[in-house]
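Student: coordinates only, no sequence provided:
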């Protein structure tokens, strides 16, 4: 995909009336635009880093394309931009329709007994396909309107030519477990059942 420049004036015009979805100490980094598309800003935080050679924005785009090729529902990239500020890039994309498992789990009547088999199936298929998604957690897994599970926020991902090794599977689930702990979901989420199903061979 061609990368085009986006001036500060053009950026400011683009985000008029937008909703800030995510921010950090540097400022807003994810906007929902008035047309429903998402604008995600990427900042290179260190001068010397691997992002010099392959920016996280490029990884984000490449990973979304690779997931699509493998049949995993994900976001649709619209355009790719460099910004006036050094080290900053942006990706405009159409979001994956649906709600995250984190959002659904907060609704009355939600049952992990019903939802867990599909989640286990998704993660098992990712591991079989050689996909190591470091940001695997309930906030990055979307249930689409046709009841499929898809992935968002896909920059931090690696694709291997063979299924993941047992050690990589365990490491991937450790990231997931840290998210469950951080969000204080131990009493709600059946983590032991998930781990047992995915590490039993």
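Tutor: Alright, I've got the coordinates. What you are looking at is a predicted structure, and each value in this text was computed from that prediction instead of being measured.
Student: in three-state terms, label the spatially most central residue of the chain for me.
Tutor: When Cα atoms, centre = their mean is applied to the chain, the residue found nearest the centroid is residue 153 (2.0 Å). Secondary structure assignment for residue 153 (DSSP: H, G, I helix; E, B strand; the rest coil): coil.
Student: mind listing the strands for the protein?
Tutor: Counting by DSSP state E, the segments of the chain that form strands are 3-6, 19-24, 27-32, 38-43, 76-83, 88-94, 99-100, 131-133, 141-143, 149-151, 157-159.
Student: mean pLDDT lowest where, among those strands?
Tutor: Sorting these by mean pLDDT places strand 3-6 lowest, at a mean of 88.
Student: returning to what we had before: so can I have TSV of the strands of the chain showing mean neighbour count and distance to residue 194?
Tutor: (Glycine included, C-beta is placed from N, CA and C.) TSV is the format used below for those (neighbours: other Cβ atoms under 10 Å; distance: least, Cβ to Cβ, whole Å):
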stretch	mean neighbour count	distance to residue 194
strand 3-6	14	39
strand 19-24	12	26
strand 27-32	16	28
strand 38-43	21	28
strand 76-83	17	29
strand 88-94	20	29
strand 99-100	16	17
strand 131-133	22	15
strand 141-143	22	12
strand 149-151	21	14
strand 157-159	16	20
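Student: of all those strands, which one is nearest residue 198?
Tutor: Proximity to residue 198 (Cβ to Cβ) singles out strand 131-133 among the strands of the chain, at 13.1 Å.
Student: may I have the strands that pair with the closest one, each with its orientation?
Tutor: Paired strands of strand 131-133, with direction, are strand 157-159 (antiparallel) (DSSP bridges).
Student: the partner strand: how far from the chain's middle?
Tutor: 12 Å (Cα atoms, centre = their mean, to the nearest Å).
Student: can you check stretch 60-71 too?
Tutor: For stretch 60-71, the distance to the chain centre is 11 Å (Cα atoms, centre = their mean).
Student: stretch 72-85 too?
Tutor: 13 Å.
Student: least confident secondary structure element in the protein?
Tutor: strand 3-6 (a mean of 88; mean pLDDT, DSSP states H and E).
Student: residues making contact with that strand?
Tutor: For strand 3-6, contacts defined as Cβ atoms under 8 Å, 6 or more residues apart in numbering pick out 14, 79-84, 89-90.
Student: pLDDT below threshold where in the chain?
Tutor: 1, 45-54, 201 (pLDDT under 70).
Student: let's see 90
Tutor: 1-5, 24-27, 43-56, 85-87, 186, 200-201 (pLDDT under 90).
Student: if we can go back for a sec, got the strands of the chain as TSV, with distance to residue 122 columns?
Tutor: Conversion of the strands of the chain to TSV gives the following (distance: least, Cβ to Cβ, whole Å):
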stretch	distance to residue 122
strand 3-6	31
strand 19-24	23
strand 27-32	23
strand 38-43	22
strand 76-83	19
strand 88-94	21
strand 99-100	13
strand 131-133	10
strand 141-143	7
strand 149-151	4
strand 157-159	14
